[in-house]
Structure formats: structure tokens, C-alpha cells
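In: sequence unknown, structure follows:
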């Protein structure tokens, strides 16, 4: 895994188990297709925070289980996440993922979609092989929620009338649901009570919301070298995230009209046509008025304030669990969700 791709200090104690997860993922992608093997190596070789498998491992340990089943479940969760990234990059027309060309940019959309399908299939079969029906149900329901989240977001692209309620429905399904599933799966492996399972699922969900809020703030404040992608990518892709939502609520009517017009032009640029002539338009619309308004109306700062509130809820959710290395690592991960710069 590339240096710096994993949160330094947070998951240090998980070194050997996470290495086992990496091997399990590599082994699961064995195929007769040379193209699929190359795409798998490209995607997994890009590294990543490996946050979702770490949550499986730590949740299981917190609940008293450190056996081999957690390796397979953790690998399946990360393969599912990777499948969504492959599909997301096609949907969002992205060309960069984790600082390198995305799979669809290298091999084309059709190959990327099929590779994503293969990742989905392998992750699902690994859950089936484990044999726990409760984990299987959580896993399948999470795929449903994530698909709904993507469609909810896509249906309101470039729409300045998006509400906070809609935004939170999107991030709960698209982002937080998988982290909640990772934590609950770990709890199931530990054989704890349903109340304790719910607490860990709540931790994962609140953690996931906080993490996504930080992502949305970073899109407006970090440089490309830090993000591993171009800044303002969400805005260019039509995602009306919380920093912009808060700005649209607070700005004047004239400013709101101006921002709505910029979103409209960005949508046309994304489609590659002008409204009047259907001729190609420049790929870049001047987004500086949007960025200036977001900063003036404290869109970034207040998004981060919300993220801190969700971290506090995540922390409270696992407060009844006994102290120990697993709990300390989970709490450190929650802090990392909002303190990170990429």
C-alpha cells in the first residue's frame, strides 16, 4: 500500500490483520481475464485508507472476537466499497481517483462497469461463504441503500433547491450505511446483544456522516495535491453539498439567482453543449463567485461544526463498552474523520 494512504497512528495496531485483508482481497480477484487482473491491481494498488475493513476488525475485537472470520468479512466490505468507486467514477465522469488515473479513464467506461460488477459479485460470495445470515442480510440491504443514495443524488444534480433533508438522506445511504454495516458485522462476529450491535451500528453511521461532511468541506478548501483529485470536483459534478446548501440558505436573493445561474452553466458544460446552439462549451465554468460566497457565508466552518456534532454522537454510542486498544482506536478514527486534510 502506498505510504501515507492509511491514517497514520490510527490503525497501527492492525498492521498484520490488515495485511491479511489485503491478501484476501487479492486472492478473491483471481480470474482468467488478464484485463480484470490488471484493473484489480490498478485499483487495489492505489491504496486507500482501508477504513471500512479496519472498522470490521476493531468492532469485532471490541466485542471479544479476533478469529479468522473477521478477515474475510473485512475484505468483502472493502471489495464492496471498491466496486462502488468503480461505478461512481463512471457516473461522475471522473478521471482521477486517489491521485492517479481512474479505471474508467484508463480502460473505458464499459470495462470499469464490468469490473465493478465483478467486485460486487466477489464481495457478495465472500459473505455467503461465511454463512452468517444476519451479516448477509445487512450486506444486501446496504447495497440497496447505497444504490438508492446514488440515484437520489443523481436525480437532483445541479439543483439549487435541494434541501438539507434530501442531502442527509443521500449521505446516510451512499456513505454512512456501509460504515454502519462494517461495525455491526464486527459486533455480530463478537456475539454481543442486539443493543450492543445497535450501538456499534450507530457509531459507524455517525462516523460515516462526519467523514462525508469533512469530505464535502475539503472539496472547497484543499488543494489538488492534498485531495488526490481536482478541487471543487463535487461542484463541477453537480453535487450540492452542505457548504453550498448553507450558503444558498443564507445569501441574498440576487446572490442565490447568480449561484443558480452558475450551476445551470456548469450543468451545460458537464453535458458539453450550450443552451442556445448545442455547441461545445469550455470544460471550465468560472466557479469563483460560488467559492467566494461559500467562504463569506461560513459554509465550510459550519459544515465542520456539524461534523463535530456527529463525532460526539459516535463517541457517545460506544461509551458503555470497556476501555481497551480497540475502543481507543475507534475513538481515534472518529477524531481522524474530522481532523484529516485529505
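Out: Good, I have the coordinates. This is a predicted model, so every value here is computed, not measured.

In: what sits up against the helix or strand hosting residue 301?
Out: Applying DSSP states H and E as the criterion places residue 301 in helix 299-317. Residues lying outside helix 299-317 but in contact with it, judged by C-beta atoms under 8 Å, 6 or more residues apart in numbering, are 199-200, 202-204, 206-207, 209-210, 213-214, 216-217, 220-221, 241-247, 293-294, 331, 334-335, 337-338. Using the backbone N, CA and C atoms, a C-beta is placed for each residue, glycine as well.

In: could you redo the last one with a cut-off of 6 Å?
Out: Residues outside helix 299-317 that contact it (C-beta atoms under 6 Å, 6 or more residues apart in numbering): 199, 202-203, 206-207, 209-210, 213-214, 217, 220-221, 242-243, 246-247, 334, 338.

In: Quick one: mean pLDDT over stretch 73-90.
Out: Stretch 73-90 carries an average pLDDT of 94.

In: same deal with stretch 155-170?
Out: Mean predicted lDDT for stretch 155-170 stands at 95.

In: what do you get for stretch 182-199?
Out: 98.

In: Quick one: low-confidence residue ranges for this structure.
Out: Residues of the chain meeting the criterion pLDDT under 70: 1-10, 12-13, 222-229, 271-284.

In: Buried residues, stretch 186-200. List them.
Out: Neighbour counts over stretch 186-200 (16 or more other C-beta atoms under 10 Å) mark 186-190, 192, 196-197, 199-200 as buried.

In: Oops, could you answer that again for stretch 244-262 instead?
Out: Residues 244-248, 251, 255-256, 259, 262 are the ones in stretch 244-262 that count as buried (16+ other C-beta under 10 Å).

In: got the end-to-end distance for that stretch?
Out: The first and last residues of stretch 244-262 sit 12 Å apart, counting by C-alpha to C-alpha, to the nearest Å.

In: Not counting stretch 174-185 itself, show me its contacts.
Out: With C-beta under 6 Å, 6+ apart as the criterion, stretch 174-185 contacts 52, 55-56, 59, 73, 77, 135, 138, 142, 145-146, 149-150, 197, 200-201, 203-205, 207-209, 212.

In: So how do I select the buried members of those residues in ChimeraX?
Out: A single ChimeraX command is used to select the members of these judged buried by 16+ other C-beta under 10 Å:
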select :52,55,56,59,73,77,135,138,142,145,146,149,150,197,200,201,203,204,205,207,208,209,212
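
In: Sort out which of the contacts of stretch 174-185 are in helices and list them.
Out: With DSSP state H as the criterion, helices contain 52, 55-56, 59, 73, 77, 135, 138, 142, 145-146, 149-150, 197, 200-201, 203-205, 207-209, 212 from among these.

In: Helices along the stretch 151-300 of the chain, start to end?
Out: Here the stretch 151-300 of the chain has its helices, by DSSP state H, counting those that start in this stretch, at 164-171, 177-189, 194-221, 224-227, 233-236, 242-250, 253-271, 288-296, 299-317.

In: Which among those is found nearest to residue 116?
Out: helix 177-189 (14.8 Å; C-beta to C-beta).

In: what is the orientation angle of the closest one with helix 299-317?
Out: For helix 177-189 against helix 299-317, the angle by axes from the mean of the first three to the mean of the last three C-alpha atoms, to 10 degrees is 10 degrees.

In: could you give the angle of helix 177-189 to helix 164-171?
Out: 50 degrees.

In: starting at the chain centroid, how far to helix 177-189?
Out: Helix 177-189 sits 15 Å away from the centroid of its parent chain (C-alpha atoms, centre = their mean, to the nearest Å).

In: what's the closest of the helices of the stretch 151-300 of the chain to residue 100?
Out: Smallest distance to residue 100 across the helices of the stretch 151-300 of the chain (C-beta to C-beta): 12.6 Å, for helix 224-227.

In: And the residue nearest the centre of the chain, how far from residue 214?
Out: Centroid check for the chain by C-alpha atoms, centre = their mean gives residue 175 as the closest residue, at 4.8 Å. From residue 175 across to residue 214, the span is 11 Å (C-beta to C-beta, to the nearest Å).

In: Over to residue 120?
Out: 27 Å.

In: out of the two, which sits in the more crowded spot?
Out: Legend: neighbour count by other C-beta atoms under 10 Å for residue 120 and residue 214, higher for residue 214 (24 against 18).

In: May I have the residues that are in contact with that one?
Out: 307, 337-338.

In: Look up how far residue 303 lies from it.
Out: Taken as C-beta to C-beta, the span from residue 214 to residue 303 is 8 Å.

In: Likewise for residue 43?
Out: Distance of residue 43 to residue 303, computed by C-beta to C-beta: 29 Å.

In: Compare neighbour counts for these two and give me the winner.
Out: Between residue 43 and residue 303, residue 43 has the larger neighbour count (other C-beta under 10 Å), namely 27 against 24.

In: what's the spacing between that one and residue 83?
Out: Taking C-beta to C-beta, one finds residue 43 at 10 Å from residue 83.
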